[in-house]
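Peer 1: Dropping a prediction and its sequence here:
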Amino acid sequence: MNFKDILNNYIDVLDCTGKELSEYSGLSAATISRYRSGERVPESGTDNLTNLIQGIVHMAADRRIADITADSVTDSFNRTLQSLSSNISVLHTNLDMLLNTLDISGSEFSKYLNYDSSYVSRIRNGKRQPSNPQNFISETAHFIVHRYSTVQQKSLVCRLTGCTMEDIADDSSYMNLISSWLSDGAVNTYDSLSVFLEKLNEFNLDEYIRAIHFDELKVPTVPFQFPGSKSYYGLQEMMNSELDFLKTTVLSKSCEPVTMYSDMPMEEMAKDPEFPKKWMFGMAMMLKKGLHLNQIHNLDRSFEDMMLGLESWIPMYMTGQISPYYLKSAENTTFLHLLKVSGAAALTGEAITGYHADGRYYLTKNKNEVAYYKKRADDLLANALPLMEIYRNDSERKLDTFLQSDISTDGNRRTILSSLPLHTLSDELLKRILKHNKVEDSEAGIIAGYISEQRTNISRITEHAILTEEIPILTKEEFEQYPISLSLSGIFYEKDILYSYDDYEEHLNLTRRYEAEHANYILKNNPLSAFRNIQIRIHERKWVMVSKNKTPSIHFLIKHPKLRNAFENMIIPVQDRKKWS
């Protein structure tokens, strides 16, 4: 039972009115009425709660009801209020996740609920709780149901809450689902995010290049015989249009950047066993030619579909020739569009949602038309936001500049490591590790300087923020199975500098000592993480950085709310220990 139910039960047992209880407790009749209706709930430890309990107990004594005592009434109310306090914590987390998943602006939400936007912001980050949580949840559910009820938006809610579309088929069930999930629901974990990280963890660019014979590819110089323009209809012709665009671009003399956007579904095209291979070959040829690609991703789709799409882009992201973007705009559920423009050709497409096969693609090499579509592509790109910033070995200074500028920014941090933290490593232990790995003096100096800088950076961060680091805790047997090395992706150093198990234990003890000596530093055990080649750095509510240690060393800085929240709330999978038993 909630607070209002317990209060009304006492009033029934006492056989009194709200006005009578008001007189006994010293609270106003309006306050008692709000408590009875659930519009208000007194906070634990306040005078209002104490006076209410005393009023009930005094009235029970006057009416000779022995079962109602100060202890029993206090326990009844406190159990409910403690449960509510726990639910408030869930509300903060789930509200923020819901608004970010549906890409709802704080100002729009605040205006609908008639709240000050700063007040709503404090509720989202856990610094305030609603004066009337139940009413706040109800109003939020009304807002979602009335403003965010398209099939696509409901699909996102289903994935977030773990429900099915049948569970929220009508407004009433949709509203009930949102209300109950906001107060006590668990965020559904995204298996697709783990799969994405697993693919990134295992990806080896050198092996990929060898597998597709990228180094052996020759960009042909024979002109592609193609008319000035052509229209395409039906799925097969649409696939041909995509390939014709790639051929025209690769075989032209132009080296201008290529901009590509599509919200067209690719499922039917992907069923053709040959099309994905030919498309990937065409993309590889564009990269081989040295073209830079501005890829505007469509994120108005399910989280799983979005992550599946990003998976396929991993090899191309690794080249450094891709700049990923997204559009922050209202979802369009009626029309489908495609626009791909290079210096030599433009491909445009249109269809009605649900009738992709009835759409039309149009490819042109006409200079005036290409110029027109290029201007459209430039305008589209101007409205796009970076999906992620990608740092490779040629952008080390840019990465360092970003991290230095972020040190003094407010907000707690969390890091999920595949090795031990560099900033807790002593100079003496570092020298021994570098020595038995036979690291040259010039490289050793660079590494030592980088680690010294890390100590300074972490010290500055923990002066004003809490840093939580999850580290691998391994038995000797596990360590021998999966030895770990210094994580030096920050300076794009890809050679293995391995720990001995004695080194590992000593560094682990140094890290534990560091935690004991620094109040704002928290250490968490993360045994046998499934990701041994990546680490994840999180600046809460601001950004996430996924760093790959080698093959190649690369860093993905993510600020998109949907992706960032998924990383912030994910549970890192671990290896099964049974194989060592």
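Peer 2: Everything's here; your move.
Peer 1: What is the end-to-end distance of stretch 146-157?
Peer 2: 14 Å (CA to CA, to the nearest Å).
Peer 1: go on, stretch 110-123?
Peer 2: Termini of stretch 110-123 sit 11 Å apart (CA to CA).
Peer 1: which parts of it are buried?
Peer 2: Buried positions in stretch 110-123, judged by neighbour count with 16 or more other CB atoms under 10 Å: Ser110, Tyr112, Leu113, Tyr115, Val120, Ile123. Quick note: C-beta positions are derived from backbone N, CA and C, even for glycine.
Peer 1: What is the distance between that stretch and the centre of its chain?
Peer 2: 23 Å (CA atoms, centre = their mean, to the nearest Å).
Peer 1: can you name the two of the buried residues of stretch 110-123 that are farthest apart?
Peer 2: For these, the maximum inter-member distance is 14.3 Å, found between Tyr112 and Ile123 (CB to CB).
Peer 1: Where does the prediction get shaky in the stretch 151-300 of the chain?
Peer 2: 185-192, 214, 217, 219-226, 300 (pLDDT under 70).
Peer 1: In this structure Asn201 contacts Phe531, no?
Peer 2: Yes: between Asn201 and Phe531 there is a contact under CB atoms under 8 Å: 4.5 Å.
Peer 1: okay, the two: which has more neighbours?
Peer 2: Between Asn201 and Phe531, counting by other CB atoms under 10 Å, Phe531 is the more crowded of the two (23 against 18).
Peer 1: gap between the more buried one and Glu256?
Peer 2: 38 Å (CB to CB, to the nearest Å).
Peer 1: got it, and Cys16?
Peer 2: Using CB to CB, we find Cys16 at a distance of 82 Å from Glu256.
Peer 1: Also Gly411?
Peer 2: For Gly411 relative to Glu256 (CB to CB), the value is 40 Å.
Peer 1: ditto for Ser117
Peer 2: Taking CB to CB, one finds Ser117 at 43 Å from Glu256.
Peer 1: circling back to that earlier point, between Cys16 and Glu256, which one's more packed in?
Peer 2: Cys16 (19 against 14).
Peer 1: Backbone dihedrals for the more buried one, please?
Peer 2: phi -130, psi 180 (degrees, to the nearest 10).
Peer 1: where does the spatially closest residue to it that is not a sequence neighbour fall, helix, sheet strand or coil?
Peer 2: Leaving aside its sequence neighbours, Cys16 sits nearest to Met59 (CB to CB, 6 or more residues apart in numbering; 6.3 Å). Put simply, Met59 is helix when judged by DSSP: H, G, I helix; E, B strand; the rest coil.
Peer 1: what's the answer for Leu363, then?
Peer 2: Three-state assignment for Leu363 (three-state DSSP): strand.
Peer 1: Report how many residues lie close to it.
Peer 2: Counted with other CB under 10 Å, Leu363 comes out at 24.
Peer 1: What residues does the residue nearest to Lys398 when sequence neighbours are not counted make contact with?
Peer 2: Once flanking residues are discounted, Lys398 sits nearest to Tyr391: 6.4 Å by CB to CB, 6+ apart. Listed by CB atoms under 8 Å, 6 or more residues apart in numbering, the contact set of Tyr391 reads Lys398, Leu399, Ile554, His555, Leu557.
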